[in-house]
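Colleague: please find the sequence and the predicted model below.
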Amino acid sequence: DAAIQPLCANLPRATLLTEIRSGHPITRAAVLRHSAERLLVDDLPLVVSIVRSENDAPTQSRSLQLAAISVLRDFGEASAIDTLESLVKSSSESSDAERDLAAAAAVSLATSRFSAAQQRLIKLSGVEDAAVRSLVLQTMAEHPRPIWADQLRTLALTADVPKLRTAALTGLVAIGHPQLIDTLSQCLEDDNVEVSGETLELISRQSHPEAERLALKWILRRLAEAPPTRSMLRFLLRTGNQECVPLLKKYLETDSPVRSLIVTVLVTVGDVKLIEELADRFDEWDWSDQERILRALHTSRNPRFWTIARASLEAVHPGLITDIVQLLTETGTPQAVELLGSTIERDGYELHATAVCFALAQIGTNDARKRLQHVWRTSENPAWKSAARGALEVVYQRSPAISIVQQGLSQFIPTPTRSLEFFELAVAVDPDLPIARGQRCNALLKLDDASEEQLKKAESDCRYLIEWEPDDSQHPTGLALALIRMGRLEEG
């Protein structure tokens with residue numbers, strides 16, 4: 001198909017018609033489909049003949065017949081519409097092939113741009129044959145149009161099959177109807193759970209105040225008698241109405257399959273007092289509910305967040321560590337840095353070393369940086385040492401001294417002395433920045449008349465860089481050059 005489509009847009013019509021009439025069985029259907037826009041009324045007899053003459057054709061030609069049926073939607077002539085109608089009426093036939101053709105014909109009538117085809121489908125929706133009527137109504141529901149909105153409303157209210165009712169209601173919501181709210185109300189009150197549930201889902205996806213009020217009233221009435229469903233809870237979560245709080249609280253005491261979602265609704269729409277009530281029972285919830293309660297405490301800036309977060313970290317609660325680290329990162333306060341720092345190199349936290357260190361890096365305060373530097377310099381645990389170094393790289397990339405180093409590099413070739421001034425300034429602004437120390441060392445060693453003081457700075461820079469990047473051979477080389485120039489050959 002992908003290869004044939006561009007050809008059909010450029011080949012002469014005569015060539016296309018020849019291929020449709022007598023081409024290879026595999027390509028005829030594709031050519032017919034992609035040539036639909038180039039066919040004229042004079043070509044309609046050819047398309048109709050394909051539909052009618054292929055009834056007993058082998059399987060490989062069935063796709064050609066289906067393609068022809070699809071093409072008939074682009075014709076408004078009576079012969080095209082009559083052909084499609086006769087195929088739809090054949091849906092009562094027993095063979096699967098006949099039913100497939102009938103379904104394709106119904107879709108062509110439904111999607112045709114010609115009102116005569118759409119009117120014919122409406123006429124077919126009232127025939128006595130149950131199989132035909134069912135097919136037509138299902139097609140109308142799947143391809144809603146304003147012209148058959150009344151049929152869809154009747155179908156949504158009276159069809160025997162719940163799926164057909166919900167499909168019709170979905171179509172009715174998509175195209176609109178003067179009595180849509182009344183229809184939604186009746187379907188919402190329906191005894192069939194599938195119908196009422198889907199109706200609520202449809203209302204939830206709309207932004208219609210009257211429909212929302214209708215749904216809320218129904219939900220509150222249902223909650224007084226039975227546990228909530230997921231659809232009900234999703235609606236309450238979206239609308240944020242607090243009237244549901246006392247009704248939902250009683251279902252926390254039950255072993256409900258939607259208990260976690262109930263907690264989510266309560267912490268989202270409830271007030272501070274309710275969140276504290278849930279926090280009082282923190283240990284009773286599973287970890288996902290605990291995370292929601294913690295986030296609610298964090299969002300409301302409730303002091304209990306810190307108490308519970310600290311206790312959970314001290315208990316090495318595996319399900320909450322990642323969530324707490326994220327919340328502390330969002331907080332970014334000195335208290336958050338202190339709490340994150342308390343987890344460093346503790347038993348049970350090795351798997352979380354990267355998360356903790358990068359959280360400190362994201363906060364990026366001086367205290368956070370010092371804690372990372374301490375871990376990098378002193379830790380004997382490879383996981384923590386590596387995580388701290390990676391986090392420090394992130395910190396250093398945000399250093400204000402980076403821009404000063406870049407200015408110095410732009411001056412280096414024409415005026416090395418001038419660039420050294422920038423590197424000195426960068427080190428003064430951020431003495432821990434490796435690139436600043438490295439560039440200053442490089443500039444100092446290039447001075448032919450470097451003083452003792454300058455060479456000592458180069459020595460200090462090299463020793464720092466050796467600690468930072470022990471595998472880089474340039475740093476020991478630089479250190480040796482600095483020592484030799486200071487007359488300390490035996491150390492170099």
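Modeller: Arrived safely.
Colleague: send the alpha carbons of stretch 119-134 over as PDB?
Modeller: This file holds the C-alpha atoms of stretch 119-134, laid out as PDB (Å, rounded to 0.1, in the frame of the first residue of the first chain):
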ATOM      1  CA  GLN A 119     -31.000   8.900   5.100                       C
ATOM      2  CA  ARG A 120     -30.900   5.400   3.700                       C
ATOM      3  CA  LEU A 121     -29.100   4.200   6.800                       C
ATOM      4  CA  ILE A 122     -31.800   5.900   9.000                       C
ATOM      5  CA  LYS A 123     -34.400   4.000   7.000                       C
ATOM      6  CA  LEU A 124     -32.600   0.700   7.500                       C
ATOM      7  CA  SER A 125     -32.600   1.300  11.300                       C
ATOM      8  CA  GLY A 126     -36.300   0.800  11.300                       C
ATOM      9  CA  VAL A 127     -36.500  -2.500   9.400                       C
ATOM     10  CA  GLU A 128     -38.100  -5.600  11.000                       C
ATOM     11  CA  ASP A 129     -35.000  -7.800  10.500                       C
ATOM     12  CA  ALA A 130     -33.300  -7.800  13.900                       C
ATOM     13  CA  ALA A 131     -29.900  -8.600  12.500                       C
ATOM     14  CA  VAL A 132     -30.000  -5.800  10.000                       C
ATOM     15  CA  ARG A 133     -31.400  -3.300  12.600                       C
ATOM     16  CA  SER A 134     -28.700  -4.300  15.100                       C
END
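Colleague: who touches Ser460 in this structure?
Modeller: Going by C-beta atoms under 8 Å, 6 or more residues apart in numbering, Ser460 touches no other residue. All C-beta spots, glycine's among them, are computed from the backbone N, C-alpha and C.
Colleague: ok, it to Pro334 distance?
Modeller: Plainly put, Ser460 is 31 Å away from Pro334 if you go by C-beta to C-beta, to the nearest Å.
Colleague: what degree of burial does Val375 show, as a neighbour count?
Modeller: 24 (other C-beta atoms under 10 Å).
Colleague: what's near enough to touch it?
Modeller: Contacts were defined as C-beta under 8 Å, 6+ apart; by that measure Val375 touches 344-345, 357, 384-385, 387-388.
Colleague: which elements pack onto the helix or strand bottoming out on mean pLDDT in the chain?
Modeller: The helix or strand of the chain with the poorest confidence is helix 59-71; it has a mean of 82 (mean pLDDT, DSSP states H and E). On a contact count with 3 or more C-beta pairs under 8 Å, 6 or more residues apart in numbering; DSSP states H and E, helix 59-71 meets helix 25-34, helix 44-53, helix 96-111.
Colleague: report the buried residues of it.
Modeller: For helix 59-71, the neighbour count (16 or more other C-beta atoms under 10 Å) marks 61-71 as buried.
Colleague: now stretch 145-155
Modeller: Within stretch 145-155, the residues that count as buried by 16+ other C-beta under 10 Å are 145, 148-149, 151-153, 155.
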